[in-house]
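Asker: let me see the structure of the following:
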Amino acid sequence: MSSLSQRTIKKPISLKGIGLHTGYPVNMKINPAKPNTGIVFKRTDLKNNNYIIPGVFNVADTSFCTTVSNEFGVKVSTIEHLMGALFGLGIDNVLIEIDSQEVPILDGSAKNFVENINLVGIETSDVPIKIIKIEKKVSINDGKKTMSIEPNKISLDIDFEIKYKNQLIGNQRNFVNVYESDLSEIYSSRTFCVYEDIENFKKMNLAKGGSLENALVVKDNKVLNKGGLRNNKEFVNHKILDCIGDLYLSGYKIIGKIICSQGGHKLTNQLLREVFQNKENFTIVEIKEKNIPHSLINRKYLRSIA
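Answerer: Modelled structure (predicted):
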């Protein structure tokens, strides 16, 4: 459950691991923050110009992960799983201190982020949140890849499909209502790759920290990871996790409907940029009710702004 007042975590959370692509060890601390702080990264390995806002127009790269940068070129990458956890749990304000350039991959999903946030608890303020309400349909196409966002009455719905040549992955599709669905399978779904792509990653100097401990690897019709899949739609569910995390770079909760086929980080960022290019595409609504759970967003207040 979430509320319509701004929220943060009750206590700091310390995590350590390695970067999926850099392979560098990383220590990260997620700290409570005051209302209207937003989500902010701080590179503690640097003394100056070390704050980065994960915003739509601060995205520097979307190749295999989402990387954000400040005006001085200081970057943080692979932020999407953490951002997905923060969005899903309704966390509006945290300061994330990190001593390397990449968020730790942990087990390749958002599961550990969610568990740690729930462990320390969530603090609700008296300051209202703001919600983006989509007013006009916006679409992006990149060859066979398509993504759109359109008006929706009272929720954020995501209808996502993937299509892979690999027969085990194949075509998968899933639908979630971000504010009402049980997102546990979304949070726990891991990043994945096809075994044949590993050599290409090496040539591109990527996935240096990748292993069967933090990524699903598929070879032919077999999952190489011990224990196999966590759920029968783990591949598309992970793409939905990425999508939720990338959507949070808008800086707001969203009322709209996403329909996506074969999309990814690049398409989501392009879509959000297109939305913000025209003020007629959206309105920003400040919610003044206090402590209304998400289930009541859909049944009470949001009906009046739909």
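
Asker: any idea how far P151 is from the residue positioned nearest the centre of the chain?
Answerer: Centroid check for the chain by CA atoms, centre = their mean gives G245 as the closest residue, at 1.1 Å. G245 is 23 Å from P151, where distance means CB to CB, to the nearest Å. (Glycine included, C-beta is placed from N, CA and C.)

Asker: could you do S250 as well?
Answerer: 16 Å.

Asker: could you check how far the residue nearest to the centre of the chain is from A215?
Answerer: 16 Å.

Asker: before we move on, what about N58?
Answerer: From N58 to A215 the distance is 26 Å (CB to CB).

Asker: ok so, going back, quick one, what contacts the residue nearest to the centre of the chain?
Answerer: Neighbouring residues of G245 by CB atoms under 8 Å, 6 or more residues apart in numbering: 66, 79-85, 87, 110.

Asker: what about 6 Å?
Answerer: G245 makes contact with 80, 83-84 under the criterion CB atoms under 6 Å, 6 or more residues apart in numbering.

Asker: cool, and I254?
Answerer: Per CB under 6 Å, 6+ apart, neighbours of I254: 132, 156.

Asker: that older thread, between N58 and A215, point out the one with more neighbours.
Answerer: A215 (22 against 16; other CB atoms under 10 Å).

Asker: correct me if wrong: that one contacts V194.
Answerer: No - counting by CB atoms under 6 Å, A215 sits too far from V194 to count as a contact (11.1 Å).

Asker: skip the chain neighbours and tell me the closest residue to L119.
Answerer: Spatially, and ignoring its direct neighbours in sequence, L119 is nearest to I13 (8.0 Å; CB to CB, 6 or more residues apart in numbering).

Asker: what about that neighbour, how many residues nearby?
Answerer: Residues near I13, counting by other CB under 10 Å, number 20.

Asker: beta partners for it?
Answerer: Beta-bridge partners for I13, by DSSP bridges, are I30.

Asker: go ahead and confirm it touches N116.
Answerer: Yes - judged on CB under 6 Å, I13 makes contact with N116 at a distance of 4.7 Å.

Asker: quick check: phi and psi on V74?
Answerer: When read as degrees, to the nearest 10, the backbone of V74 gives phi -80, psi 130.

Asker: who are the contact partners of it?
Answerer: 43, 49-50.

Asker: list the beta-bridge partners for K253.
Answerer: Legend: beta-bridge partners of K253 under DSSP bridges are I131.

Asker: actually D142, not the one I typed
Answerer: Counting by DSSP bridges, the residues bridging with D142 are K145.

Asker: pLDDT value on it, please?
Answerer: We have a pLDDT of 95 for D142.

Asker: just for the chain, where's the confidence low?
Answerer: Applying pLDDT under 70 to the chain picks out residues 1-3, 288-306.

Asker: now with 80?
Answerer: Within the chain, the segments meeting pLDDT under 80 span 1-3, 287-306.

Asker: residue ranges of the helices in it, please?
Answerer: 80-88, 111-120, 184-188, 198-203, 234-247, 265-277, 294-296, 302-305 (DSSP state H).

Asker: so which of the ones you listed comes closest to I131?
Answerer: helix 302-305 (8.1 Å; CB to CB).

Asker: I244 touches F87, doesn't it?
Answerer: Yes - taking CB under 6 Å as the definition, I244 is a contact partner of F87 at 5.3 Å.
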